[in-house]
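Trainee: Any chance you can model this:
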Amino acid sequence: MVRSAGRSMPRWRWALKCAVTVVLFAVLLSRIDIGDCSDAIGNASTPWLVMAVVVNALALLTSVWKWDVLLRSVNIRAGRMDLVRIYTIGFFMNACLPGVVGGDVVRCHLAAPAGDSRLKIAATIVAERVIGTAAMLLLCLAAVSWYASQLATGPLLALTAVSTAALTAAVVLAMQRKWVVIGLRRWRYGMVRRAARIVWRVHRVCREFRTRTILAALGISFVFYVVCGLTLYCVSAGFHVSVTVAESTTAVVLVSMLTLIPISIGGLGLKQAGDVYVLGLFGVSPEQALGISLVHQMVNYAFVAAGGFLFVRGRRTGLWLVTSSTGRA
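Mentor: Presented below is the predicted three-dimensional model:
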């Protein structure tokens, strides 16, 4: 009975996420003029949209750069093109799989099919996720403080501050050896025990990261979000909408925080609702904002398609990685 329930839960969650996604889109479409939205998309400037795809490629390369910095800090060397292929496939998996970490698991497997290096690579992916989230929350704090008059949302500032504090506290506690040991002693049986052992091993690797490496990765994360803001700026310019790069970056980080809530498929619906709301605060009409959000999503899906092509093609990318690490992780 336990196994049966365990197997059915993901199906219920998947069905619930599908329902939430459909409801969000239904609510959005009921509140805007679909004809005006279609006209806005049809009148979009093609050169600006092409520029958005190019800039979005820079965002992907920035993510690869950050991962490479973390990999090198644990003595793992890899060709940049190999990392680009692996990251693109991971991007495809994140968009297609029900969870939010499926692409990370695939990246770890491709980058290290076997051997001790897999643990180190898993640690770099965990660090990459945590540092990226920290950068996003810090930018959210800066954005809501700077645009307090436009956003006029005390609860949003409070939510961002609490989320930042919670993440900081969680990272500090996770890096304390005694708290991990306490967790290992409490988790004594079965799969939880095995998971705790894996967490402990990853924790040991994460402690090897130097402060300058973490700061460098944090700085690259800031660059990543600015480049994402530039992508949204290019899409907005294609719709003949006047928003600044700072406003576009603010929209990106705030909506990114919103899509961390795992209630829809790949953030669909949530992202569009967030874009309509935040861009509306900067004077963009709902019809234009929804068109911008949908086209921006398509720009992102260009790289999802590229990852799918690489995955279907069956390139064994991970075998090209060359590790110079010695000893056990």
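Trainee: so where do the strands sit in the stretch 101-250 of the chain?
Mentor: Under the criterion DSSP state E, counting those that start in this stretch, strands are not mapped anywhere in the stretch 101-250 of the chain.
Trainee: what about the helices in it?
Mentor: For the stretch 101-250 of the chain, helices defined by DSSP state H, counting those that start in this stretch occupy the ranges 102-111, 117-146, 148-151, 154-174, 177-186, 190-206, 211-238, 245-258.
Trainee: Going by mean pLDDT, which of these comes out lowest?
Mentor: In terms of average pLDDT, helix 177-186 trails the rest of the helices of the stretch 101-250 of the chain, at a mean of 56.
Trainee: can you tell me how far the nearest residue to Val74 once chain neighbours are set aside sits from Leu70?
Mentor: Spatial nearest neighbour of Val74, excluding adjacent residues (CB to CB, 6 or more residues apart in numbering): Lys120 at 4.5 Å. In this view, the C-beta of every residue, glycine as well, is placed from N, C-alpha and C. When distance is defined by CB to CB, to the nearest Å, Lys120 is 10 Å away from Leu70.
Trainee: who has more neighbours, these two?
Mentor: Taking other CB atoms under 10 Å, Lys120 and Leu70 do not tie; Lys120 has more neighbours (28 against 25).
Trainee: Verify the contact between the more buried one and Ser73 for me.
Mentor: No. Judged on CB atoms under 8 Å, Lys120 makes no contact with Ser73 at a distance of 9.6 Å.
Trainee: Now for those two: what residues contact both?
Mentor: Overlap between the contact sets of Lys120 and Ser73, as judged by CB atoms under 8 Å, 6 or more residues apart in numbering, is nil.
Trainee: Find me the pLDDT at Arg80, would you?
Mentor: The pLDDT attached to Arg80 in the predicted structure is 82.
Trainee: let me redo that: Val312
Mentor: Looking at Val312, its pLDDT is 76.
Trainee: Please apply the same query to Thr323.
Mentor: 45.
Trainee: before we move on, what about the one 5 residues further on?
Mentor: Each residue has a pLDDT score; the one for Arg328 is 38.
Trainee: Which residue is the nearest non-sequential neighbour of Ala122?
Mentor: Nearest non-adjacent residue to Ala122, counting by CB to CB, 6+ apart: Cys108, 5.0 Å away.
Trainee: thinking the one you found is in contact with Thr124, fair?
Mentor: No. Taking CB under 8 Å as the definition, Cys108 is not a contact partner of Thr124, at 9.0 Å.
Trainee: rewinding a little: quick one: neighbours of the residue nearest to Ala122, just the number.
Mentor: For Cys108, the count of nearby residues is 24 (other CB under 10 Å).
Trainee: Report the angle between the strand or helix carrying Phe309 and helix 245-258.
Mentor: Phe309 belongs to helix 286-313 when assigned by DSSP states H and E. Angle, helix 286-313 to helix 245-258, by axes from the mean of the first three to the mean of the last three CA atoms, to 10 degrees: 70 degrees.
Trainee: Name the residues of helix 286-313 that are buried.
Mentor: The neighbour-count criterion (16 or more other CB atoms under 10 Å) identifies 286-301, 303-304, 306-308, 310-311 as the buried residues of helix 286-313.
Trainee: next one: it to chain centre, how far?
Mentor: Helix 286-313 sits 14 Å away from the centroid of its parent chain (CA atoms, centre = their mean, to the nearest Å).
Trainee: could you measure the nearest residue to Val106 once chain neighbours are set aside against Asp39, distance?
Mentor: Using CB to CB, 6+ apart and skipping the chain neighbours, the partner closest in space to Val106 is Met93 (4.5 Å). Distance check for Met93 against Asp39: by CB to CB, it reads 35 Å.
Trainee: the more surrounded of these two?
Mentor: Neighbours per residue, other CB under 10 Å: of Met93 and Asp39, the larger number sits with Met93, 22 against 14.
Trainee: which of the residues in the host helix or strand of the more buried one are buried?
Mentor: Using DSSP H and E, Met93 sits in helix 80-96. Neighbour-count burial for helix 80-96, with 16+ other CB under 10 Å as criterion, is recorded at 82-95.
Trainee: repeat for stretch 55-62
Mentor: Buried-residue list, stretch 55-62, by 16+ other CB under 10 Å: Val55, Asn56, Ala57, Ala59, Leu60, Leu61, Thr62.
Trainee: relative to helix 245-258, how tilted is whichever helix or strand Ala59 is part of?
Mentor: Assignment of secondary structure by DSSP H and E places Ala59 within helix 46-73. Angular relation of helix 46-73 and helix 245-258 on a 0 to 180 degree scale: 60 degrees, by the same axes, to 10 degrees.
Trainee: thinking again about what came up before, can I get the buried residues of stretch 55-62 in CSV with pLDDT and distance to Ile214?
Mentor: Conversion of those to CSV gives the following (pLDDT from 0 to 100; distance: CB to CB, whole Å):
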residue, pLDDT, distance to Ile214
Val55, 96, 27
Asn56, 94, 26
Ala57, 93, 26
Ala59, 94, 21
Leu60, 92, 22
Leu61, 94, 21
Thr62, 96, 17
